[in-house]
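Visitor: attaching a predicted model along with its sequence, questions to come.
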Amino acid sequence: MRSFHYPVTLDLDGRPCLVVGGGAVALRKAIGLLDAGARVTVVSPTLSTGLLELARDGRIRWRPREFVPGDTEASFLVVVATNDRSINRLVMDEARRSRALVNCADDPEHSDFILPALLRRGPLTVAVSTGGASPAMACLVRDELDATLAEDYARLAEIVAEVRRTLRERGLSADGGRWAAALDERIKQLVAAGQPLEAQRRLEERLGA
C-alpha cells in the first residue's frame, strides 16, 4: 500500500514559480499561485483569454514559446499543465534537475506534490485531498463542507489570531486542549451576532489573558 501524501502549506510569497501550459488548467494553477503571493511565469506559445488578461495586467510574466531546457532554472515550484505527455515528462525532468518542486496536473503519481481542493474562510483554509486518486471526490467533499461551514468562521479565525498575538505579547501560552475548551459556543454566537469585540474579550478571559 502506498504511503499517504504529507500535508503541508507552502509560503510562496515572492517566490518564483513556473507554469507550463496556456489553457484552462494552467489558468487555475496560475491564479492559485498568484493568490499565494508567488511571482508567476507562464511558458506557452498561446494563452487562454484569462491568462492573456493576467499577462496584460502585469500579474504574470509570459514567455510566448514552447518550453525549452533551462526554463525551470531559479524556480522554486513548477506546475505542468499541457496535454502533451512528452512535454510534461521533459518539464518534470528539468524541474528535478533544477531542484524545484514539480506538479503535473495529469500525473499525480510522478509529481512531488498534489494540489488539494480548497475551501477558504478568511485566513482559515480547509484542504481536501484523496492523494490524487479522485480529484472529483475531493471537490465533492469540499463543496459539502462549503455548505456547512459558516462565513462567520472567517471573522472567528481573525479573532483567534489576534488573541494568540496578545498571549505572545504577554508572555503567555496555551496548548491545543485549552484553545479547544476556550472556543465555546457562546463565542461563536457572539461572532454570528456581529459582536467580535465581545467575542474576543470572552476568549481572552477564558485563556487567562
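Guide: Noted; the coordinates are in hand. Numbers count the residues shown, from 1 in each chain.

Visitor: contacts and neighbour counts: CA atoms only from here.
Guide: Noted.

Visitor: for the chain, which segments are assigned as strands?
Guide: 16-20, 39-43, 60-63, 77-80, 101-104, 117-121, 124-128 (DSSP state E).

Visitor: what sits against Ala38?
Guide: Going by Cα atoms under 8 Å, 6 or more residues apart in numbering, Ala38 touches 12-17.

Visitor: switch the cut-off to 10 Å
Guide: Counting by Cα atoms under 10 Å, 6 or more residues apart in numbering, Ala38 touches 11-18, 30-32, 59-60, 76-77.

Visitor: looking at these, which is nearest Val160?
Guide: Asp11 (20.6 Å; Cα to Cα).

Visitor: doesn't Leu34 make contact with the closest one?
Guide: No - using Cα atoms under 10 Å, Asp11 makes no contact with Leu34, being 11.9 Å away.

Visitor: so between the two, which is more surrounded?
Guide: Leu34 (18 against 10; other Cα atoms under 10 Å).

Visitor: quick check: chain neighbours aside, which residue is closest to the more buried one?
Guide: Val40 (6.8 Å; Cα to Cα, 6 or more residues apart in numbering).

Visitor: residues near that neighbour, how many?
Guide: Val40, neighbours per other Cα under 10 Å, totals 24.

Visitor: list the contacts for it?
Guide: 14-19, 29-31, 33-34, 55, 59-62, 75, 77-78.

Visitor: among the contacts of Ala38, name the buried ones.
Guide: Using 16 or more other Cα atoms under 10 Å as the burial test, the contacts of Ala38 include 12, 15-18, 30-31, 59-60, 76-77 as buried.

Visitor: check what pLDDT Met1 gets.
Guide: pLDDT for Met1: 48.

Visitor: nearest residue to Phe4 other than its sequence neighbours?
Guide: Gly131 (6.7 Å).

Visitor: which residues are in contact with the one you found?
Guide: 2-7, 108-109, 113-116, 138.

Visitor: ok, the residues you listed vs Ala24, which is closest?
Guide: Leu115 (15.6 Å).

Visitor: the closest one and Pro108 touch, don't they?
Guide: Yes - if you go by Cα under 10 Å, Leu115 and Pro108 touch, sitting 9.2 Å apart.

Visitor: tell me, what's touching the two both at once?
Guide: Common neighbours of Leu115 and Pro108 (Cα under 10 Å, 6+ apart) are 131-132.

Visitor: distance between the ends of stretch 30-50?
Guide: Using Cα to Cα, to the nearest Å, one end of stretch 30-50 lies 10 Å from the other.
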